[in-house]
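Engineer: This is the structure alone, sequence omitted:
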């Protein structure tokens, strides 16, 4: 089992940037693909980005492609989500996830508690 803790959320203006981090417990981090998801208030949770065990493959939702970058550092047991050119519609609670999914969109087995990202105009 793995425990995930997200950080880095906050309030940012439209066009700004944030970097989210997700720290994983345990010594088996490299066994898992990692994903980022988000859930806007009152809406369903949606896939944002995924990365393979050693970072050789990534996949993004069309809505964030070209603006967000997912990366991981297996030595630090951490996955990142660099978010640039933020839009108001990026406002959501962002969750990281770990698992052995069928593909990088999911499904994932372990979830963090989430971090709020608010993009203001």
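Structural biologist: Right, received. Where do you want to start? What you see is a predicted model, and the numbers here were worked out from it, not measured in a lab.

Engineer: So the spatially most central residue of the chain versus residue 54, what's the distance?
Structural biologist: In the chain, the residue lying closest to the centroid (Cα atoms, centre = their mean) is residue 36, at 2.5 Å. Distance, residue 36 to residue 54, by Cβ to Cβ, to the nearest Å: 17 Å. To be clear about C-beta, it is placed using only N, CA and C from the backbone, and glycine gets the same treatment.

Engineer: who's in contact with residue 13?
Structural biologist: Residue 13 sits next to 86, 119-121 when contact means Cβ atoms under 8 Å, 6 or more residues apart in numbering.

Engineer: what sits against the residue lying closest to the residue nearest to the centre of the chain once chain neighbours are set aside?
Structural biologist: Spatial nearest neighbour of residue 36, chain neighbours left out: residue 48 (4.3 Å); criterion: Cβ to Cβ, 6 or more residues apart in numbering. Residues in contact with residue 48 (Cβ under 8 Å, 6+ apart) are 35-38, 60-61, 64, 68, 81, 94.

Engineer: In helices, which of the residues you listed fall?
Structural biologist: The members of the contacts of residue 48 all map outside helices under DSSP state H.

Engineer: partner residues bridging the nearest residue to residue 1 once chain neighbours are set aside?
Structural biologist: Once flanking residues are discounted, residue 1 sits nearest to residue 110: 7.0 Å by Cβ to Cβ, 6+ apart. On the basis of DSSP bridges, residue 110 is bridged to residue 98.

Engineer: my guess is residue 110 contacts residue 5, does it?
Structural biologist: No - using Cβ atoms under 8 Å, residue 110 is not in contact with residue 5; the gap is 11.4 Å.
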